[in-house]
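**Q** pasting the sequence and the predicted coordinates here, then a few questions.
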Amino acid sequence: MLNKHLPGLLLTIAVTGMISCGGNKEQQKETTEKPVAVTLGTVSSGSQNAILASGQVEAIQTANISTRVMGRITNIYVKAGDRVNKGQMLATISDEDIRAKRAQTDAMIAEAEAAYANAQKDYERFNNLYKQQSATAKELDNVTLQYNSAKARVDAAKQMRSEVNASLSYSSLTAPFSGVVTQKLAEAGNIANPGMPIVTIEQSGILQVSASIAESDISNIHLGDAATLLIKSTGKSFEGKVIQLNPSSQFTGGQYIVKISIPETAKADIYSGMFVRVTIPLKEAKQTQSDADVVLVPVSAIINRDELTGIYTVSENKTALLRWIRLGKNYGDKVEVVSGLAKNESFILSSEAKLYNGAPVTVK
């Protein structure tokens, strides 16, 4: 009987041994994962040595071309991307009704001038008769009144024709300066309303950066200050200068608009609308009493996951721990941590490999 069950018993022991060995290998693999070497950083206080802002490339001169008359757009001769010269025809608006009004004013002028010529003859004749004492002063006054009235009607008709001609000029839209068409906002056949943009033109080759500065920083910026500009999409970096300061934030949501020049040598491959990171160094570090309690960490240590922001710290078990934080104001290449990290805590500044939550680490 013992020999009969011996083969099955040996098979069970062998299978159990194989499973046990495989489990030990997996467990050994998990426990022997190579730690990632990391460098720790310490929290610093808020000494502001630069002003960091976001900006956008724009043309120095931009114009929305519109009309002052209502009518059907008969032709648009340009499209987005076309280069135009000053005075070049861009679009035309139907003007049949305006031309009809001009014909009416021309007829009114002819009628008024005929009446004026007749009144002038009467005025000259009665003036001579009055000198010869053949006409009374009352008769001369009446003729003089008719003469002045006829002259005024001629002037009024001519002014009306000038107004019609001015309206007629807005039926032909021309470029106010040489540049590039950046937008075509209507099509032939559409009805144009007064003030409705039809095309947008930007002056080509002359670009600048427009940046928004907080009211706490605007007093530290002056005309001629140097600024480092970083094009976010291309990584291109160059130096510019502050050329304009907007003294009011009434219509810009509490932000002050600063214009920064772009040097000629840096304008290649830069287009209007590109987003720019602006850094304006301060001549002297700025620190207030409240800044002494500010928790600052380098921007490079921040982790962005969807709409959340975090930073890696080291747990008691020597593993990477992703902690979610809330950020505040920028201080040059550092950013304020409003919550989630205390002043006496350290964080992972850099690592030799990609980290994840729970990854074993070793501090260099």
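**A** Sure thing, it's come through.
**Q** residues contacting the residue nearest the centre of the chain?
**A** In the chain, the residue lying closest to the centroid (Cα atoms, centre = their mean) is Gln56, at 5.3 Å. For Gln56, the contact set (Cβ atoms under 8 Å, 6 or more residues apart in numbering) comprises 209-211, 273-276. Any C-beta I mention is one placed from the backbone N, CA and C, and that applies to glycine too.
**Q** check Thr74 too.
**A** 92-94, 188.
**Q** show me these that map onto strands.
**A** 92-93 (DSSP state E).
**Q** okay if I get the contacts of Thr74 as a markdown table plus pLDDT?
**A** Shown next, in a markdown table, are these (pLDDT from 0 to 100):
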| residue | pLDDT |
| --- | --- |
| Thr92 | 94 |
| Ile93 | 93 |
| Ser94 | 92 |
| Ala188 | 92 |
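**Q** and the contacts of Thr74, which is closest to Met108?
**A** Ser94 (23.5 Å; Cβ to Cβ).
**Q** count of residues packed around the closest one?
**A** 17 (other Cβ atoms under 10 Å).
**Q** is it true that it touches Ser171?
**A** Yes: Ser94 is within contact range of Ser171, at 7.3 Å (criterion: Cβ atoms under 8 Å).
**Q** tell me which residues form a beta bridge with the nearest residue to Gly224 once chain neighbours are set aside?
**A** Excluding its sequence neighbours, the residue lying closest to Gly224 (Cβ to Cβ, 6 or more residues apart in numbering) is Lys241, at 5.9 Å. Beta-bridge pairing for Lys241 (DSSP bridges): Ala226.
**Q** need the per-residue pLDDT for Lys241.
**A** Here the pLDDT value assigned to Lys241 is 94.
**Q** what's the burial count for it?
**A** 14.
**Q** contacts only, for it.
**A** 224-227, 260-261.
**Q** separation between it and Gly55?
**A** Separation of Lys241 from Gly55 (Cβ to Cβ, to the nearest Å): 14 Å.
**Q** also Thr39?
**A** 33 Å.
**Q** now swap in Ser351 and tell me
**A** Counting by Cβ to Cβ - Ser351 and Gly55 are separated by 32 Å.
**Q** which of those two has more residues huddled nearby?
**A** A count of neighbours by other Cβ under 10 Å puts Gly55 above the other of Ser351 and Gly55, at 24 against 16.
**Q** check what pLDDT the more buried one gets.
**A** Per the predicted model, pLDDT is 91 at Gly55.
**Q** helix, strand or coil for it?
**A** strand (DSSP: H, G, I helix; E, B strand; the rest coil).
**Q** in this structure it contacts Ser212, no?
**A** Yes: Gly55 lies in contact with Ser212 (Cβ under 8 Å); the separation is 7.3 Å.
**Q** quick one, phi psi at the closest residue to Asn246 other than its chain neighbours?
**A** Nearest non-adjacent residue to Asn246, counting by Cβ to Cβ, 6+ apart: Ile257, 4.0 Å away. Dihedral pair for Ile257: phi -90, psi 130, per degrees, to the nearest 10.
**Q** quick one: Ile257 from Ile221, how far?
**A** 11 Å.
**Q** overlap in contacts, these two.
**A** Contacts common to Ile257 and Ile221, judged by Cβ under 8 Å, 6+ apart, are Ile213.
**Q** that older thread, between Ser94 and Ser171, what contacts are shared?
**A** Common neighbours of Ser94 and Ser171 (Cβ under 8 Å, 6+ apart) are Gly71.
**Q** quick one, what contacts the nearest residue to Glu187 once chain neighbours are set aside?
**A** Using Cβ to Cβ, 6+ apart and skipping the chain neighbours, the partner closest in space to Glu187 is Ile76 (6.8 Å). Contact analysis of Ile76 by Cβ under 8 Å, 6+ apart lists 90-91, 184, 186-188, 198-199.
**Q** now the residues you listed in a markdown table, with distance to Met108?
**A** Formatted as a markdown table, the contacts of Ile76 follow (distance: Cβ to Cβ, whole Å):
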| residue | distance to Met108 |
| --- | --- |
| Leu90 | 33 |
| Ala91 | 31 |
| Lys184 | 40 |
| Ala186 | 34 |
| Glu187 | 37 |
| Ala188 | 34 |
| Ile198 | 32 |
| Val199 | 36 |
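**Q** buried subset of the contacts of Lys241 as a PyMOL selection?
**A** Buried members of the contacts of Lys241, defined by 16 or more other Cβ atoms under 10 Å, are picked up in PyMOL with:
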select buried, resi 225+227+260+261
